[in-house]
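Undergrad: I would like to see how this sequence folds:
(2 chains)
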Amino acid sequence: GENVEQHPSTLSVQEGDSAVIKCTYSDSASNYFPWYKQELGKGPQLIIDIRSNVGEKKDQRIAVTLNKTAKHFSLHITETQPEDSAVYFCAAGGRAGNKLTFGGGTRVLVKP
Amino acid sequence: DTGVSQNPRHKITKRGQNVTFRCDPISEHNRLYWYRQTLGQGPEFLTYFQNEAQLEKSRLLSDRFSAERPKGSFSTLEIQRTEQGDSAMYLCASSSDSWGEKLFFGSGTQLSVL
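TA: Numbers count the residues shown, from 1 in each chain, chains lettered A, B, ... in the order given. So this is what the prediction gives:
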């Protein structure tokens, strides 16, 4: 089955700096790669996603890149703000049923 | 539409008891998923429904677990004879019936087995 690795597990940045989270996946059949943000006591919230026919996607301060050949994808957050502090999860899916396999998560702390 | 709704938000039970959780998906979403999340880990897939049909179950879903979606709307997840290892956040998500469509999660039910 699919296996998703996520790094780093924790990330501390100064407000205004950029944050980058990287993920790798194992199943070449995966073709859908969402990113979720989870705050304490809440469920994961979809923040951005990308499909395998696209190499990069941007939404305001958030961007995601995908290298299908190398089977890795990354989340970039620019001009970080304290409200960006949360746990971020990458996932891979898109096969029958779109069952998602999640990475282990990255705890991001933005210091004011 | 208020999104995916899960009840209860918290459940404390004693080992050996049965528990049942409910999920109300976003209306008109015909796919419904159950995931389990333990502390410090990403969500793990348990099972999913397309309308009322349960199409896939993870090996994580032991025979003590059963899920239903009788009318293709809300779903229930029951755990019989709970064990301490069942303590986790149980998350429900829904999506529309489209290849690779977005999954929207509820806030989860936090289960603590004493």
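Undergrad: can we go C-alpha only for contacts and neighbour counts from here?
TA: Fine.
Undergrad: how about residue 68, what does it touch?
TA: The chain I'm using is chain A. Counting by Cα atoms under 8 Å, 6 or more residues apart in numbering or on different chains, A:Lys68 touches A:Ser52.
Undergrad: wait, I meant chain B there
TA: The contact partners of B:Glu68, by Cα under 8 Å, 6+ apart, come to B:Glu52, B:Gln54, B:Ser75, B:Thr76, B:Leu77.
Undergrad: cool, and A:Lys57?
TA: A:Asp49, A:Ile50, A:Ala63, A:Val64, A:Thr65.
Undergrad: wait, does stretch B:30-48 make contact with chain A?
TA: Yes: interface with chain A: stretch B:30-48 contributes B:Gly40, B:Gln41, B:Gly42, B:Pro43, B:Glu44, B:Phe45, B:Tyr48 (Cα under 8 Å from any Cα of the partner chain).
Undergrad: Next, format those residues as CSV and append pLDDT.
TA: What follows is the residues of stretch B:30-48 next to chain A, written out as CSV (pLDDT from 0 to 100):
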residue, pLDDT
B:Gly40, 90
B:Gln41, 94
B:Gly42, 96
B:Pro43, 96
B:Glu44, 95
B:Phe45, 94
B:Tyr48, 93
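Undergrad: Show me which residues of chain B sit near chain A.
TA: Near chain A, the residues belonging to chain B are B:40-45, B:48, B:91, B:99-101, B:103-108 when assessed by Cα under 8 Å from any Cα.
Undergrad: Mind doing that once more with 10 Å?
TA: Contacts of chain B with chain A, taken as Cα under 10 Å from any Cα of the partner chain, map to B:4, B:9, B:31-33, B:35, B:37, B:40-50, B:55-56, B:89-93, B:95, B:97-110.
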